[in-house]
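[1] Sequence first, predicted model second:
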Amino acid sequence: MSHGKQFTLYTNKKGPNGWKVAIVLEELGLAYEPVYLDFGKGEQKAPAHTKHNPNGRIPTLIDHANGDYTLWESDAILYYLVEKYDPEHKVSVADAGERFQVLQWLFFQASGQGPYFGQALWFKFYHSETLPSAQERYQKETKRVLGVLEGVLAKQDTLVGGKITIADLSFIPWNDMAINSILDIDVAAEYPVVTAWHKKLVERPAAKKVLEVRAAMNAPA
């Protein structure tokens, strides 16, 4: 089977984690074909997708130039992309110690930011009943994660190596949601350093391009 693009990216129009992979693909100038799975129809759980990703979630990336090598879990995908396709270290680092620090932040994003921000969003907008205790818990956890980032970034411009890497880029989509919808506070006032860092990230050409596509796809009809 021939493929017009090097990568196939199974993703979703709204789900944050697929967009971060798209941002890094754009940063590295890698050609990819996005396949937007319809969650309402359960396409992410259908055999056509679970044969690639047994977890039935997004994103899933297939590298056709590498024997259809397949990966799921967004931050594992980011690390794969820079390890294999970023020899110039455009958004990665060369130093071994700093590479472990990149992993540290990717784990924090995956275990801290993603789940807590996601639950805050769910209990604020989508849960079938209003549960103030759950809303309070995840609002607090969202603020705690932002507080960690605020404290670190107050001392340094980026998370690792004095440059923008996948560690920073991995936080873009969920931070964008926290700033614009999840939290009922003035995020810019409470977390000015994080807000400035986020603004710098989303103004990068690759991120700007991807986020414009996301906005267009999710615009009201």
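    Sure thing, it's come through. Numbers count the residues shown, from 1 in each chain.
[2] Quick check, residue 171 in contact with residue 112.
    No. Counting by CB atoms under 8 Å, residue 171 does not reach residue 112; the two are 10.2 Å apart. Any C-beta I mention is one placed from the backbone N, CA and C, and that applies to glycine too.
[3] Would you mind naming the helix or strand containing residue 71?
    Secondary structure assignment for residue 71, by DSSP states H and E: strand 69-72.
[4] How about that strand, which residues are buried there?
    Buried residues in strand 69-72, counted by 16 or more other CB atoms under 10 Å: 70-72.
[5] just stretch 125-141 next, same as before
    Buried residues in stretch 125-141, defined by neighbour count with 16+ other CB under 10 Å: 134-135, 138-139, 141.
[6] same question, stretch 53-62
    Buried residues in stretch 53-62, counted by 16+ other CB under 10 Å: 53, 56-62.
[7] Which parts of the protein are helices?
    With helices called from DSSP state H, the chain shows them at 16-27, 47-50, 74-85, 96-108, 114-121, 132-153, 166-169, 172-177, 187-190, 192-202, 205-217.
[8] Output the below-cut-off pLDDT ranges for this protein.
    Under the criterion pLDDT under 70, the flagged ranges of the chain are 1-3.
[9] quick one, domains of it?
    7-90, 96-206 (automatic domain parsing).
[10] Endpoints of the shortest one, how far apart?
    Between the opening and closing residues of domain 7-90 there is a gap of 19 Å (CA to CA, to the nearest Å).
[11] same thing with the longest one?
    The straight-line separation of the ends of domain 96-206 (CA to CA) is 26 Å.
[12] about what we covered before: ok, which of the domains of the chain comes nearest residue 220?
    The closest of the domains of the chain to residue 220 is domain 7-90. By CB to CB, the value is 12.9 Å.
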